[in-house]
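Peer 1: give me a model of this one.
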Amino acid sequence: MFVRIKPSGPRKYVQIVENFREGSKVKQRVIANLGRLDILQQTGQLDQIVAGLANLSEQYAVITANRVGKTQVIWDKEWGPSLVFGRLWELLGIPKIIENLKSHQKLEYDVERAIFVSVLQRLISPGSDLAGLKWLSDILMPDQEKISLHHLYRSMDFLSEHKEEIEQALFNRGRTLFDTQIDLVLFDTTTVYFEGEGPDEFAQYGYSKDHRPDRKQILVGVAMSRCGYPLSCEFWPGNTSDQKTVGRIIRIMKKRFSLERVIFVADRGMVSEANIKEIERNGFDYILGVRMRNAKHIGNKLIFDKSSFEVVKENLHVKEVRVGEDRLIVCFNPEQAEKDKRRREAILSKLKEKLQKGPKQLVGNRGYARFLKLDKDALVIDPEKVEQDSIFDGKYILTTNTELSAKDVALSYKGLWQVERGFRNLKSALEVRPVYHWKESRVKGHVFASFLSLVLMTAIERKLEKKGIKLVWDDFIRDLRAFRAIRVKFTGKTYQLRTECRGNVSYAFQALGLRIPPVMQSV
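Peer 2: This is a model prediction of the structure:
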């Protein structure tokens, strides 16, 4: 039912109209003619009609009273995050997974709610567990009053203990929910550092991908599907090299997830003869990055010649080269080549200034040393080294045992950006670092909770992509947090109001099969 303004010559008339269905057609009929619009406005009759109808509407009365300050506000809380991600949590089957796992343990608290709080906090308001407990008081979520700081800590132990079972169940559920075919596994590692000493033996000094060599750390590996759906999160002591992680992740893919034939894609830090043999022994194919500057057996300039490249897209040109039994795919990015050239020119410009001030200015600087040579007891720039360096501009090399075309090999490798993006989400948006826990189980649980956040993040993006919507994550979270519940008292009764849906929030409700709550409801 709605109000319609119907023109008739120079005049306009106000009508109340309703839609009705007759067979397969929707028609309209006039319920009431209220009169000419200009006369209703001039005589004040329109205001009287609106006021009279408003008195019959409890919802309108409460909302109007709230706007003019005649209601008592009890509280005002974020509602969108718990509604949307709570629904996604259920669709992924996580409450049931946890319920099955805890059935063999005597727990005096709701571990599923505590885990959900920890995961949701990492998505919405990253910080420590203590900060999470304070944040919890500002959101509307079922049974939130039952969660204490002690419960949040203990839930990390639970996650650590049951990580493998949760991953396995999520893997099975995710394949069904998102219709995901696992034909390619992307794998990469990162480091997570500690404030303080961290757990003995587990927290170690090592090569820091956070650029924090002064902090002890752990090594974290994440495996993802082609579409970026997280499959597994693994941990190693902080002094573990990337090459030593491959065997374990391959065995996990083979045994835990029963993947018989997939392509394993990893960056150049994973390449070793032993790893390649391990991959092949398990029946997997591979696409691996190669360290060009260290691989002397592929140092032929013909590999780096710009001729005979196939243009896949604007910034991806490829060609195939055979070196012995090795099948190599050379990739060239013209835009990156220009960046590499400008970066080298800037280094050489600074290097010339440094040389004028004496060789002591250059001691220990590996970036400068690669362009220098000793000439008559003096350091000078070596033109041949500069020329040799330019050969690598904008290029990288892949090795593979697949039968894929050079184009498809390159495109599959570029899928590693999904893992890199996942790490950025883990380490910046989700603020997985630094870690303050000192128990190994809680460190693993802490990182795995962030991994579950990444699962939810990926899942909502996939759901909305199917609706043709591409999320801008920060905007989405801001709009989600702006969807709030307001508890008020009016004329002795308690009501719950909600704010409007902003941005893509309404699309998220639709994608997840959630009904948007009513504007007002009695409590």
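
Peer 1: separation between residue 480 and residue 460?
Peer 2: Using Cβ to Cβ, to the nearest Å, residue 480 is found at 10 Å from residue 460. For glycine as for every other residue, the C-beta is placed from the backbone atoms N, C-alpha and C.

Peer 1: how about residue 392?
Peer 2: On the measure of Cβ to Cβ, residue 392 and residue 460 end up 40 Å apart.

Peer 1: do residue 400 as well
Peer 2: In terms of Cβ to Cβ, residue 400 sits 33 Å off from residue 460.

Peer 1: try residue 347
Peer 2: Taken as Cβ to Cβ, the span from residue 347 to residue 460 is 43 Å.

Peer 1: relative to residue 193, how far out is residue 521?
Peer 2: Separation of residue 521 from residue 193 (Cβ to Cβ): 47 Å.

Peer 1: okay, these two: which has more neighbours?
Peer 2: Counted by other Cβ atoms under 10 Å, residue 521 and residue 193 do not tie: residue 193 has more neighbours, with 23 against 12.

Peer 1: which residues does that one bridge with?
Peer 2: residue 217 (DSSP bridges).

Peer 1: mutual contacts of residue 480 and residue 460, please.
Peer 2: Shared contacts of residue 480 and residue 460 (Cβ atoms under 8 Å, 6 or more residues apart in numbering): 84, 508.

Peer 1: care to break the chain down by domain?
Peer 2: 1-56, 58-79+483-523, 336-390 (automatic domain parsing).

Peer 1: reformat those domains as JSON lines; add distance to residue 164 and mean pLDDT.
Peer 2: JSON lines is the format used below for the domains of the chain (distance: least, Cβ to Cβ, whole Å; pLDDT from 0 to 100):
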{"stretch": "domain 1-56", "distance to residue 164": "54", "mean pLDDT": "81"}
{"stretch": "domain 58-79+483-523", "distance to residue 164": "28", "mean pLDDT": "81"}
{"stretch": "domain 336-390", "distance to residue 164": "39", "mean pLDDT": "80"}
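
Peer 1: let me see the ranges of the strands in the stretch 351-500 of the chain.
Peer 2: Listed in chain order, the strands of the stretch 351-500 of the chain (DSSP state E, counting those that start in this stretch) span 372-375, 378-381, 395-400, 484-490, 493-498.

Peer 1: so how far is whichever helix or strand residue 153 is part of off the chain centroid?
Peer 2: Secondary structure assignment for residue 153, by DSSP states H and E: helix 149-161. Offset of helix 149-161 from its chain centre (Cα atoms, centre = their mean, to the nearest Å): 23 Å.

Peer 1: and stretch 165-185, by the same measure?
Peer 2: Put simply, stretch 165-185 sits 17 Å off its chain's centre (Cα atoms, centre = their mean).

Peer 1: so for it, mean pLDDT?
Peer 2: Mean pLDDT, stretch 165-185: 79.

Peer 1: touching, residue 78 and residue 477? I think so.
Peer 2: No. Using Cβ atoms under 8 Å, residue 78 is not in contact with residue 477; the gap is 10.6 Å.

Peer 1: shared neighbours of these two, which are they?
Peer 2: Common neighbours of residue 78 and residue 477 (Cβ under 8 Å, 6+ apart) are residue 124.

Peer 1: of residue 347 and residue 460, which one has the most company?
Peer 2: Neighbours per residue, other Cβ under 10 Å: of residue 347 and residue 460, the larger number sits with residue 460, 23 against 17.

Peer 1: what pLDDT does the model give the more buried one?
Peer 2: At residue 460, pLDDT is 92.

Peer 1: report the contact partners of it.
Peer 2: Counting by Cβ under 8 Å, 6+ apart, residue 460 has contacts 84, 85, 88, 471, 508, 511, 512.

Peer 1: count of neighbours near residue 272?
Peer 2: 15.

Peer 1: contacts only, for the nearest residue to it once chain neighbours are set aside.
Peer 2: Closest residue in space to residue 272, ignoring its immediate chain neighbours: residue 243 at 4.8 Å, by Cβ to Cβ, 6 or more residues apart in numbering. Shown in contact with residue 243 (Cβ under 8 Å, 6+ apart): 269, 270, 271, 272, 274, 275.

Peer 1: one more time with 10 Å, if that's ok
Peer 2: 266, 269, 270, 271, 272, 274, 275 (Cβ atoms under 10 Å, 6 or more residues apart in numbering).

Peer 1: closest one of those to residue 357?
Peer 2: Among the contacts of residue 243, residue 269 lies closest to residue 357 (Cβ to Cβ), at 35.9 Å.

Peer 1: give the burial count for the closest residue in space to that closest one that isn't next to it in sequence, as a bare number.
Peer 2: Nearest non-adjacent residue to residue 269, counting by Cβ to Cβ, 6+ apart: residue 242, 3.9 Å away. The local packing of residue 242 (other Cβ under 10 Å) involves 22 other residues.

Peer 1: any idea which element residue 312 lies in?
Peer 2: strand 310-313.

Peer 1: so what strands line up beside that strand?
Peer 2: By DSSP bridges, strand 310-313 pairs with strand 316-323 (antiparallel).

Peer 1: for stretch 8-15, buried residues please.
Peer 2: 13, 14, 15 (16 or more other Cβ atoms under 10 Å).

Peer 1: my read is that the second one contacts residue 31, right?
Peer 2: It refers to residue 14. No. Between residue 14 and residue 31 there is no contact under Cβ atoms under 10 Å: 11.8 Å.

Peer 1: give me the neighbour count for residue 92.
Peer 2: Residues lying near residue 92 (other Cβ under 10 Å) number 20.

Peer 1: and residue 75, how far from residue 467?
Peer 2: Per Cβ to Cβ, residue 75 is found 33 Å from residue 467.

Peer 1: same thing with residue 335?
Peer 2: Taking Cβ to Cβ as the measure, residue 335 falls 32 Å from residue 467.

Peer 1: now do residue 232
Peer 2: From residue 232 to residue 467 the distance is 28 Å (Cβ to Cβ).

Peer 1: what about those two, which has more around it?
Peer 2: Using other Cβ under 10 Å, the more surrounded residue of residue 232 and residue 467 is residue 232, with 23 against 11.

Peer 1: for the residue nearest to the more buried one when sequence neighbours are not counted, give me its contacts.
Peer 2: Distances taken as Cβ to Cβ, 6+ apart place residue 223 nearest to residue 232, at 4.6 Å, with adjacent residues excluded. By Cβ under 10 Å, 6+ apart, the residues touching residue 223 are 167, 182, 185-188, 230-234, 249-250, 252-253, 257, 264-266, 419.
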